[in-house]
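Colleague: Sequence and predicted structure below; questions after.
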Amino acid sequence: MVVSVRRWLRRIIFMLLLCFLTITMYGGCRFIAVWITPEDPYRVPQGQALKVFNEEPFQVDASSIYDKLRLFYWYGE
């Protein structure tokens with residue numbers, strides 16, 4: 001049985017390089033994800049900004065299913 005040291009050395013170098021590049025890419029993606037994410041999206045607004053949120057109780061409409069479906073497709077909600 002012939003064991004080629006060069007072939008095994010190339011395989012080991014390839015695996016090490018693959019692991020290194022995978023870890024580097026993963027770290028880069030994590031860095032970009034942390035950089036893009038806002039600090040606290042639910043914080044109290046500063047300065048002249050207003051936080052607009054008004055919870056209304058559930059209201060039963062007299063509109064038909066057709067009207068509701070038409071509005072759904074019209075507004076995309």
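Modeller: Sure, I can see it.

Colleague: quick one: the residue nearest the centre of the chain from residue 26, how far?
Modeller: By Cα atoms, centre = their mean, the mean C-alpha position of the chain lies nearest to residue 33, the distance being 7.8 Å. As judged by Cβ to Cβ, to the nearest Å, residue 33 and residue 26 stand 11 Å apart. Placement of C-beta: from N, CA and C, glycine included.

Colleague: Residue 64 now?
Modeller: Distance from residue 64 to residue 26, by Cβ to Cβ: 52 Å.

Colleague: ok, now residue 65?
Modeller: Residue 65 is 49 Å from residue 26, by Cβ to Cβ.

Colleague: ditto for residue 71
Modeller: From residue 71 over to residue 26 the distance is 44 Å, taken as Cβ to Cβ.

Colleague: hang on, the earlier thing: out of residue 65 and residue 26, which sits in the busier spot?
Modeller: The neighbour count for residue 65 versus residue 26, taken as other Cβ atoms under 10 Å, is higher for residue 26 (10 against 7).

Colleague: now the more buried one: how far from residue 13?
Modeller: If you go by Cβ to Cβ, the gap between residue 26 and residue 13 works out to 20 Å.

Colleague: With residue 3 instead?
Modeller: For residue 3 relative to residue 13 (Cβ to Cβ), the value is 17 Å.

Colleague: can you check residue 1 too?
Modeller: Distance, residue 1 to residue 13, using Cβ to Cβ: 23 Å.

Colleague: From the chain's centroid, how far away is the longest helix along the chain?
Modeller: Longest helix in the chain, counting residues (DSSP state H): helix 5-36. Taking Cα atoms, centre = their mean, to the nearest Å, one finds helix 5-36 lying 22 Å from the centre of the chain it belongs to.

Colleague: Can you give the distance from the next helix or strand after that helix to the centre of its chain?
Modeller: Toward the C-terminal end, the helix or strand that comes next after helix 5-36 (DSSP states H and E) is helix 65-75. Its chain's C-alpha centre and that of helix 65-75 lie 30 Å apart, by Cα atoms, centre = their mean.

Colleague: Sweet, I'm off.
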